[in-house]
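Asker: here is my input; please provide its structure:
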Amino acid sequence: MRFKRYIVLFFAIGALVFFYSCSSEHKEIETVTYAEHIAPLIYKKCSNCHRPGEAAPFSLLTYADFYSRRQLIKTVTKSRFMPPWPADASYTHFVDEKVLTQEEIDLIARWVDEGCVVGDSTKIPGVPNFPKGSQLGTPDLVIKLRDVYKIKGDATDRFVLMRVPYEIPRDTFISVIEVVPDNKKVVHHINAQLLSYEYDKRKDVMKGNVVVDINEYPTIMEAYQQLDLPNDDGSFPMMTTSVTNFLPGVTPPIYPNGIGGFKMKRKGALFLKDMHYGPSRLDTTDQTAFNVFFAPHAPKRPTKEFQMGTFGVSPIEPELVIPPDTIMKFITKYTIPADISILTINPHMHLLGKSFWAYAITLKGDTIPLIRIKKWDFRWQYFYTFKKMVKVPQGATIYVEGVFDNTRNNPNNPFNPPRLVAEREGSMRTEDEMFQFIITYLPYENGDEFISLE
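Answerer: Next up is the predicted model:
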């Protein structure tokens, strides 16, 4: 009897295998076409950057666009060089992941190998209606640098302070401000604060200097005075910190209604405390703009922020000094004083960065994965927003591990032969180094971990 049961079980399993095998073959795509398979994929994963006015060097909006670069696209998708998404998708997931599945990569390769069949042209989806000059949509207000900033082609980093004044009809609330660099080749990073002027304390916010070079003044307060930041009576206006930031590849996060945002007074200015232009060998210019998106009401839960490592709440161990011809690992750690809900994280290193790993360990010994970047790429430094808030309980310690490669084998090494590279008094120059982890969070409330941020 037992033998008969085994025979029946054997044939039953065989039948199931045959059934699923036949089903798989039945579902297999007979012909991969641009109309039904490739165009929808490209519009979803590539075209938002590969379109006029955005960061990518060419457009991917039509069959001709894709066909002319078919072999290149096959190569860069197969190697996962594109789409650019440094975070390890097998470790943690984030909103708007720019990741192709293996099946999608194989589909592109097969389409190219089979001759780039168009298919039924009536089934080609329409080109998405991407907003012009924005990754987010149509802004309610656009503020530009008042003057065009001229950059000499002397291959030198430039760090300047800028004031971007504005005047609007009434006070309003803001959900997000998007930075739109005019010259993407030289704008490296921007950290912006919001200055809010009381109506009767600053008669004319437009007058005065709007750019100063911080190296021309002995103290930062003298530079602030030259930038005409104070009110008419010499007092300083209220400042809202970190209202927007820019790094290569960054798209500012938009949170659900009621989370994040701030008030914008009718008279004010964006204060670009860290405006960094990278080296250029040609004379060029920039007139960066800021897309402002209004909010319907005041935020119920304003976000908070802290950073670890460079300029942060936690020291780097050992000191961030990387001798030539070495690969070194550095750690920074911080114990959370109260329950928090993490929304967005931003890892930051410079050209010697090799890998980045952040996680939290609770008092119970549980590990909370945050982000792992196996291959650091200085060109793409996202603000990564979790799909749902991540609770980190009081007493948990966040650990960040960074590996830096100061050898000749690092193609991004700014020096040949390699030299000693270090964190030099908080220098943001690309040839110096930084090791930083920025965390945007809320004080924890019950149920936060179930709130979708998508």
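Asker: just the strands from the stretch 151-300 of the chain, written as ranges.
Answerer: Per DSSP state E, counting those that start in this stretch, the stretch 151-300 of the chain carries strands over the ranges 158-167, 172-180, 187-196, 211-213, 238-246, 262-264, 267-277, 284-286, 289-295.
Asker: quick check: the gap between the residue nearest the centre of the chain and residue 334.
Answerer: In the chain, the centroid-proximal residue (Cα atoms, centre = their mean) is residue 382; its distance is 1.9 Å. Distance of residue 382 to residue 334, computed by Cβ to Cβ, to the nearest Å: 21 Å. Where you see a C-beta, it was placed from the backbone N, CA and C, and this is true even at glycine.
Asker: just to be sure, the residue nearest to the centre of the chain is in a helix?
Answerer: No. Read with DSSP: H, G, I helix; E, B strand; the rest coil, residue 382 is coil and lies in no helix.
Asker: can you offset everything so residue one is 127?
Answerer: Will do, 127 is the new start, and the previous item becomes residue 508.
Asker: in this structure it contacts residue 221, no?
Answerer: No. Residue 508 is beyond contact range of residue 221, at 10.3 Å (criterion: Cβ atoms under 8 Å).
Asker: list the residues that contact both of these two?
Answerer: When contacts are counted by Cβ atoms under 8 Å, 6 or more residues apart in numbering, the set common to residue 508 and residue 221 is empty.
Asker: which of the strands of the stretch 277-426 of the chain is buried the deepest?
Answerer: Of the strands of the stretch 277-426 of the chain, the one with the most neighbours on average (mean count of other Cβ atoms under 10 Å) is strand 393-403, at a mean of 23.
Asker: mind listing residues that contact it?
Answerer: 269, 275, 277, 283-293, 303, 312-325, 328, 331, 353, 355, 363, 365, 369-370, 412, 416, 554.
Asker: again with stretch 191-205
Answerer: By Cβ under 8 Å, 6+ apart, stretch 191-205 touches 160, 164, 168, 176, 184-186, 208-209, 226, 231, 234-235, 238, 242.
Asker: for that stretch, what is the average pLDDT?
Answerer: For stretch 191-205, the mean per-residue pLDDT is 94.
Asker: please apply the same query to stretch 446-458.
Answerer: 97.
Asker: out of the strands of the stretch 277-426 of the chain, which is closest to residue 484?
Answerer: Among these, strand 364-372 comes nearest to residue 484, with 18.2 Å by Cβ to Cβ.
Asker: just checking, what packs against that closest one?
Answerer: strand 298-306, strand 313-322, strand 388-390, strand 393-403 (3 or more Cβ pairs under 8 Å, 6 or more residues apart in numbering; DSSP states H and E).
Asker: tell me the confidence at the residue nearest to residue 472 when sequence neighbours are not counted?
Answerer: In this structure, residue 472 finds its nearest non-sequential neighbour in residue 564, 4.2 Å apart by Cβ to Cβ, 6 or more residues apart in numbering. Looking at residue 564, its pLDDT stands at 94.
Asker: tell me which residues of stretch 239-250 are tucked away?
Answerer: By neighbour count with 16 or more other Cβ atoms under 10 Å, stretch 239-250 contains the buried residues 245, 250.
Asker: with only the CA atoms kept, save that stretch in CSV.
Answerer: Presented in CSV, the C-alpha positions along stretch 239-250 are these (Å, rounded to 0.1, in the frame of the first residue of the first chain):
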residue,chain,number,x,y,z
ASP,A,239,19.1,40.6,-30.5
GLU,A,240,15.9,39.8,-32.4
GLY,A,241,16.1,42.9,-34.6
CYS,A,242,14.2,45.6,-32.6
VAL,A,243,10.7,44.7,-33.9
VAL,A,244,8.3,47.6,-33.8
GLY,A,245,5.1,45.5,-33.5
ASP,A,246,1.6,47.0,-33.9
SER,A,247,2.3,50.7,-34.1
THR,A,248,-1.3,51.4,-32.9
LYS,A,249,-0.3,49.9,-29.6
ILE,A,250,2.6,52.2,-28.9
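Asker: distance from the chain centre to that stretch, please.
Answerer: In this view, stretch 239-250 has its centroid 34 Å away from the chain centroid, taken as Cα atoms, centre = their mean, to the nearest Å.
Asker: what sits up against it?
Answerer: The contact list for stretch 239-250 (Cβ under 8 Å, 6+ apart) reads 157-162, 165, 189, 192-193, 196, 237.
Asker: with distance to residue 422 and mean pLDDT as extra columns, can I get the helices and strands packed on strand 364-372 in TSV?
Answerer: Shown next, in TSV, are these (distance: least, Cβ to Cβ, whole Å; pLDDT from 0 to 100):
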stretch	distance to residue 422	mean pLDDT
strand 298-306	8	94
strand 313-322	19	90
strand 388-390	13	92
strand 393-403	20	90
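Asker: of all the ones you listed, which lies closest to residue 255?
Answerer: strand 298-306 (17.7 Å).
Asker: the helices in the stretch 427-576 of the chain, which residues?
Answerer: Secondary structure of the stretch 427-576 of the chain by DSSP state H, counting those that start in this stretch: no helices are present.
Asker: any regions of it where pLDDT drops low?
Answerer: For the stretch 427-576 of the chain, applying pLDDT under 70 flags the ranges 551-554.
Asker: follow-up on the earlier one: who does the residue nearest to residue 472 form a beta bridge with?
Answerer: Beta-bridge partners recorded for residue 564 (DSSP bridges): residue 433, residue 472.
Asker: follow-up on the earlier one: most neighbours among the contacts of stretch 191-205, please name it.
Answerer: residue 164 (26 neighbours; other Cβ atoms under 10 Å).
Asker: could you pull up the contacting residues of that one?
Answerer: If you count contacts by Cβ under 8 Å, 6+ apart, residue 164 has them with 158, 192, 233-234, 237.
Asker: confirm that it sits in a helix.
Answerer: Yes. Applying three-state DSSP, one finds residue 164 inside a helix.
Asker: and the pLDDT at it?
Answerer: Per-residue confidence at residue 164 stands at 94 (pLDDT).
Asker: what about the strands in the stretch 127-276 of the chain?
Answerer: Assigned by DSSP E, counting those that start in this stretch, the strands in the stretch 127-276 of the chain fall at 267-270, 275-277.
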